[in-house]
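In: Any chance you can model this:
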Amino acid sequence: MEAANPDFAQAVTGVVLSMPAAKHLGFSFGRLEPGEAEIIQPYRAELTQHDGYFQAGVLGSLADYAAGSAAGTLLPPGWVNMTVDYTVKLLAPAKGEKIIARGRVVRAGRTTSVAAADVYDSEENLCATALVTMRNIKLPGS
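Out: Reported below is the predicted structural model:
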């Protein structure tokens, strides 16, 4: 896949990491390539259940961010995306020093994009998988 924006990495990380929810989670980006994005969430006790496993909503949020970021890498300058629907399937408990969400584009359209994401624990066990649909939006003044 080819990025429409040569500065896609700066555009995606700038938009995503400025979001209040992303700031609260405290994740960072790993690999970021056209059509692909990796998000790394370090362990934080406040993101877990009583037994130390990451809470299911955290896995869903990270999958959504990873899929949206992957799709964002293919947008033209001045465009962003917003999730309109996502489905998450939890496959195994996630525990450890971090979890990693890896997103990839399934279909990049002009107004709608679809991406998928898989979430792994620190031992690379697959814990969740998601399918995300996003609306692509041109920012005013772009």
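In: for F29, what are its contacts?
Out: Neighbour list for F29: V12, T13, V16, L17, A37, E38, I39, I40, S69 [criterion: CB atoms under 8 Å, 6 or more residues apart in numbering]. Backbone N, C-alpha and C define where each C-beta goes, glycine included.
In: is it in a bridge, and if so with what?
Out: I39 (DSSP bridges).
In: Likewise for T129?
Out: Beta-bridge pairing for T129 (DSSP bridges): K89, D118.
In: Am I right that it is in contact with K89?
Out: Yes: when contacts are counted by CB atoms under 8 Å, T129 is listed as touching K89 (5.3 Å).
In: can you give me the strands for this protein?
Out: Here the chain has its strands, by DSSP state E, at 28-33, 36-42, 79-90, 98-108, 112-121, 126-138.
In: the inter-axis angle of the second one versus strand 112-121?
Out: Angular relation of strand 36-42 and strand 112-121 on a 0 to 180 degree scale: 40 degrees, by axes from the mean of the first three to the mean of the last three CA atoms, to 10 degrees.
In: Repeat that for the longest one.
Out: Compare the direction of strand 126-138 with that of strand 112-121 by the same axes, to 10 degrees and you get 150 degrees.
In: can you pull the contacts of the residue most central in space within the chain?
Out: Central residue of the chain (CA atoms, centre = their mean): A66, 1.5 Å from the mean position. By CB under 8 Å, 6+ apart, the residues touching A66 are A37, E38, I39, A101, R102, G103, A117, V119.
In: Which among the contacts of F29 count as buried?
Out: Among the contacts of F29, those scoring as buried are V12, T13, V16, A37, E38, I39, I40, S69 (criterion: 16 or more other CB atoms under 10 Å).
In: Check whether G103 really touches L32, as I assumed.
Out: No: contact criterion CB under 8 Å: G103 and L32 do not qualify, at 9.8 Å.
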